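J.: Sequence below, structure please.
(3 chains)
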Amino acid sequence: MSTATRSLPRTIGAHAILLTYTAIALFPVILVIMNSFKSRAGIFSEPLTPPTPKTFDLIGYTTVIGQGDFFHYFQNSLVVTVGSLFFVLLFGAMAAFALSEYRFRGNTLMGLYLALGIMIPIRLATVAILQLMVASGLVNTLTALILVYTAQGLPLAVFILSEFMKQVSDDLKNAGRIDGLSEYTIFFRLVLPLVRPSMATVAVFTMIPIWNDLWFPLILAPSEETKTVTLGAQLFLGQFVTNWNAILAALSLAILPVLILYVIFSRQLIRGITSGAVK
Amino acid sequence: MKTKLLTALLLGTSILGTAGVAYAEDVTLNIESWRGDDLSIWKDKLIPAFEAKNPGIKVVFAPSAPTEYDAALGAKLAAGSAGDLITCRPFDKSLELFKKGNLADLSSLPGMENFSPVAKSAWQTDDGKSSFCVPMASVIHGFIYNKDAFDKLGIKVPETRDEFFAALDKIKADGTYIPMAMGTKDLWEAATMGYQNIGPNYWKGEDGRAALIKGEQKLTDKDWVAPYEELAKWKPYLGDGFEAQTYPDSQNLFTLGRAAIYPAGSWEIGLFNTQAQFKMGAFPPPVEKAGDTCYISDHTDIGMGLNAASKHADAAKTFLSWVASADFATIYANALPGFFSLNSAPVKMADPLAQEFVSWRGKCKSTIRSTYQILSRGTPNLENETWVESANVINGTDTPEAAAKKLQTGLDSWYHPAK
Amino acid sequence: MAADIRPKRPFRWHIAIFLAPAVLVYTAIMILPLAGTLQLSLFRNIDQHQVFVGLGNFRTLFGDPNWSVNFWNALRNNVWFFIIHMLVQNPIGVLLAALLSSPKLRFSAFYRTAIFVPTILSFVIVGFAWKLILSPLWGVAPHLLDFVGLKSLFTPWLGKEQYALTALSLVSVWQFIGIPMMLIYAALLSIPDEVIEAAECDGITGMSQFWKIKLPLILPSIGIISILTFVGNFNAFDLIYTAQGALAGPNYSTDILGTFLYRAFFGFQLQVGDPNMGATIATIMFLIILGGVCVYLFLIQTRLRRYQF
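T.: Numbering: from 1, shown residues only, chains lettered A, B, ... in the order given. The predicted structure is shown next:
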């Protein structure tokens, strides 16, 4: 890009806007984490000041740690999220490829059918899903959650991915066909790498509602062994609703793992996006 | 056929999952509850006491959050994955479960004779023939006050409404304390701590409640509008921004010593004892003139029933008989001051504040919340609408008359008592 | 559109294989259970038996003021909720993405990560954190306004009928702005440099370059985020539920279709759930969203020019 378009005021302006918005985005999170390290009196009298030696207090954390096995909950959440994510991405990309690549009778109809799922909250099917899981003995297993989240995540994944797959050059695919590659090889070797940025985006969008879901863990896997971190946090909030120390500590603890996970993922995400942008 | 196929399919994938509850030789009973707060009491006191006497039966207390409890329980019952023992909400919610066949009939359970008809009434069919939950506790409404604040300002405990408002005026004029800690954001606070708290004195407790059910009185009658008129007068005594003040906010406001009076339910006692750094007292809802009969809301709030689909019905019944015993009542009432046993055997309580609340049973007439029995069976739901309108009246967005009229119109649309 | 002109073959198995896993899982776990629920809208529970009533429940929903008043109120609120997202979330999202995508911007990785943080938080956390911030008791919001000398502007927003819904919509915007930002960002990055260079040769730079060159190129992505916002907003439930409760106070002023549906389907407090009416509301919601998606698929998407790079 030529330097003519990058004058100093513009750069400052861009940074000003981005900084302001960053502050807005992070303020509530910082507020929660900051106050979680303070005593009850400190939280109420000076909410906006960071903890000082006078107000510093870990009472919230000791309450939380004594309450439940949050590390175990965290493992459960991780297994469920990663498992569902894998199936959503694999199955979703395959279906999206079929829909965007081939013309066949019922293509549009199939696309619409697969998109139906984003229009009705799956929560409504709770009783039927639970019956299914009871019948197959999957209640209180993480498998039940993975299955539900895979089904729940597929529609959006197919919807977004097929949009992006339409942008993959036909010449490339046809060249592959001329070289005698099978359709599967074309999909896995040629197309998948090209849609990596959109896969990363879909991954993040799919991951968030799964990680944060409260409902299905509560219904399908509420046992102590299968509790997810969000369910654990919610139960905790219900129990300590007036104990702001404990609440803020629990919120901070619930924020932290996702934050770390996201920072790790975000590198992949951006790498995916930028590598895809290399033409 | 289709389901079978699916089932087979799912079974195939179940290898991935972790094992469910391990079934040893012992029978394990699961308790469904919304009382997450009581988790440690069950774990450390109640369950060990039971297990010591009944080897071979293990009990697990598995609460879910109060807001999700009913929906989650309904789904689990429908699908057959609910626990063996079900904590019962009073009246129609549980009656509905009984009618659907989810709760077992407990009329002949050993121990049920320990309860008076009034105590059992919240978990019976309309004809009173079948009982389906063991009554556990009731809660009493009133006002908790900051004794230090009252002493400092030289206020004596109000008995009449005039004294009550005089006290509020005095606190407000002094300015150190917010006169009353209550918010309208969560709606139910306004209805339960407000309307149902002071109302019985106006509608004369059970008399008014029964007349309303029979259709002899209407919510637009003077006795039913008057509590709203009093609530509307509370507004100036509430804290800044009370419209967005949540229930925990109110609790914190009071226990941090920033407010002088807290319209309360007796269940607060346990928490307040641990959080407040000042002396507390309690008084029942003030009456109009000194010497008037006083009425209190002594609401049957919590019971326990048996999941009709339980595989361990016998063990569960053993447990329920124990819940009906004086033994349980003593541990429960003392571990949870403010949840008053419904057992006919008198229970000795150590907590002074709890004693104060329960002493009102001697001098006032008891009633239950007006909206709970029968009147909340239809759409619109009277209890839910009462939440909304109570908040509206305090917020000043509805006049008492308008609120009463809305409630009565809603009730009229589906409730037609035999004339 | 991908051209696929090949001689007719008997049956292309690979298509079926590509589609099968997704279609199977999705049909078994989602569509069949949902269909089972939605068909309840044609029945009514009379003495514990499901009796077929045709469209009777729909007549109740629209004809009985006990239902219809609440329904229209929820729909109106939902439309407002959507309008705020379209007017605030998406333009700001595009703006942030445009700023971030300018090459040589320093700290862009930091901004990107930070701005996306709210999106990864659960509703439990978002609802609770904002309730605390806006709480008159804790006083963070009044304090902050005091810093900029606007303390008089503070009101208990979440408790006032006229402000609560707008306040919550903005919280929702705060939470989800990362999604349009990321999607647009990805779209802007995939614009080939040659296109930009060609534009610069023609003297199209700066703002006009954005409007004339980049914007038309990212229109399909803007289409996607609009329809995602639409679907997301009309299915929204959790934020209102965690912040205001199932009764969506004050005075139902924050009631949207999701909370209305929840109360009807699962019940609330003494209100016993009515799966039949719940299914009826769900069916209507489904039709509204389906209508919106069809408008997008058949009217908008087919007219957007798509560019293959």
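
J.: Now do the helices in the stretch 1-150 of chain A.
T.: Along the stretch 1-150 of chain A, counting by DSSP state H, counting those that start in this stretch, helices occupy A:8-35, A:40-45, A:59-65, A:70-101, A:107-115, A:126-135, A:142-165.

J.: Relative to residue C:240, which of those helices is closest?
T.: Between residue C:240 and those, the tightest spacing by Cβ to Cβ is seen for helix A:8-35, at 17.7 Å. C-beta coordinates here come from the backbone N, C-alpha and C atoms, glycine included.

J.: re the thing from before, point out the most buried one among the helices of the stretch 1-150 of chain A.
T.: Of these, the one with the most neighbours on average (mean count of other Cβ atoms under 10 Å in any protein chain shown) is helix A:142-165, at a mean of 26.

J.: is it up against chain B anywhere?
T.: Yes: with Cβ under 8 Å from any Cβ of the partner chain as the criterion, chain B is reached by helix A:142-165 at A:142, A:143, A:144, A:146, A:147.

J.: Let's have the residues you listed in TSV, adding pLDDT and distance to residue B:185.
T.: Formatted as TSV, those follow (pLDDT from 0 to 100; distance: Cβ to Cβ, whole Å):
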residue	pLDDT	distance to residue B:185
A:142	94	37
A:143	95	40
A:144	94	36
A:146	96	38
A:147	95	38
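
J.: with these in mind, which one is nearest to chain C?
T.: The shortest gap between chain C and any of those belongs to residue A:147, at 5.5 Å (Cβ to the nearest Cβ).

J.: rewinding a little: mind putting the helices of the stretch 1-150 of chain A into CSV with distance to residue B:95?
T.: Output for these, formatted as CSV (distance: least, Cβ to Cβ, whole Å):
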stretch, distance to residue B:95
helix A:8-35, 42
helix A:40-45, 42
helix A:59-65, 38
helix A:70-101, 36
helix A:107-115, 42
helix A:126-135, 21
helix A:142-165, 31
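
J.: ok, back up a step: of the residues of helix A:142-165 next to chain B, which are in range of chain C?
T.: Among the residues of helix A:142-165 next to chain B, the ones lying near chain C by Cβ under 8 Å from any Cβ are residue A:147.

J.: Where does the nearest residue to residue B:405 once chain neighbours are set aside sit: helix, strand or coil?
T.: Using Cβ to Cβ, 6 or more residues apart in numbering or on different chains and skipping residues adjacent in sequence, the residue nearest residue B:405 is residue B:220, 5.8 Å away. Classification of residue B:220 using DSSP: H, G, I helix; E, B strand; the rest coil returns coil.

J.: Correct me if wrong: residue B:220 contacts residue B:404.
T.: Yes: contact status for residue B:220 versus residue B:404: in contact at 4.8 Å, counting by Cβ atoms under 8 Å.

J.: When the two are compared, which one has more neighbours?
T.: When residue B:220 is set against residue B:404 and neighbours are counted by other Cβ atoms under 10 Å in any protein chain shown, the residue ahead is residue B:404, at 24 against 15.

J.: Contacts only, for the more buried one.
T.: Contact partners of residue B:404, counting by Cβ atoms under 8 Å, 6 or more residues apart in numbering or on different chains, are B:219, B:220, B:224, B:225, B:228, B:389.

J.: Would you mind checking those for buried ones?
T.: Buried residues within those, defined by neighbour count using 16 or more other Cβ atoms under 10 Å in any protein chain shown: B:219, B:224, B:225, B:228, B:389.

J.: Quick check: residues of chain C near chain B?
T.: Taking Cβ under 8 Å from any Cβ, the part of chain C that reaches chain B is made up of C:28, C:32, C:48, C:66-67, C:131, C:134-138, C:154-161, C:244-247, C:249-252, C:262-263, C:266-274, C:277.

J.: can you tell me which of those residues are in strands?
T.: Among the residues of chain C next to chain B, DSSP state E puts C:267, C:268, C:271, C:272 in strands.

J.: ok, those vs residue A:114, which is closest?
T.: Closest approach to residue A:114 among those (Cβ to Cβ): residue C:267, at 32.2 Å.

J.: The nearest residue to that closest one once chain neighbours are set aside: neighbour count?
T.: Using Cβ to Cβ, 6+ apart and skipping residues adjacent in sequence, the residue nearest residue C:267 is residue C:273, 3.3 Å away. Other residues within reach of residue C:273 by the criterion other Cβ under 10 Å amount to 20.

J.: any idea how the chain splits into domains?
T.: Went with chain A since none was named. Listed by automatic domain parsing, the domain ranges of chain A are A:3-62, A:67-239.

J.: To clarify, I was referring to chain B.
T.: Chain B breaks down by automatic domain parsing into domains covering B:22-138+B:300-351, B:140-298+B:366-412.

J.: Which of those domains comes out lowest on mean pLDDT?
T.: Within the domains of chain B, confidence is poorest for domain B:22-138+B:300-351, with a mean of 90 (mean pLDDT).

J.: returning to that earlier point: and of the domains of chain A, who's closest to residue A:247?
T.: Closest among the domains of chain A, once you apply Cβ to Cβ, is domain A:67-239, at 6.1 Å.

J.: Please state the offset of the closest one from the chain centre?
T.: How far domain A:67-239 lies from its chain's middle: 11 Å, per Cα atoms, centre = their mean, to the nearest Å.
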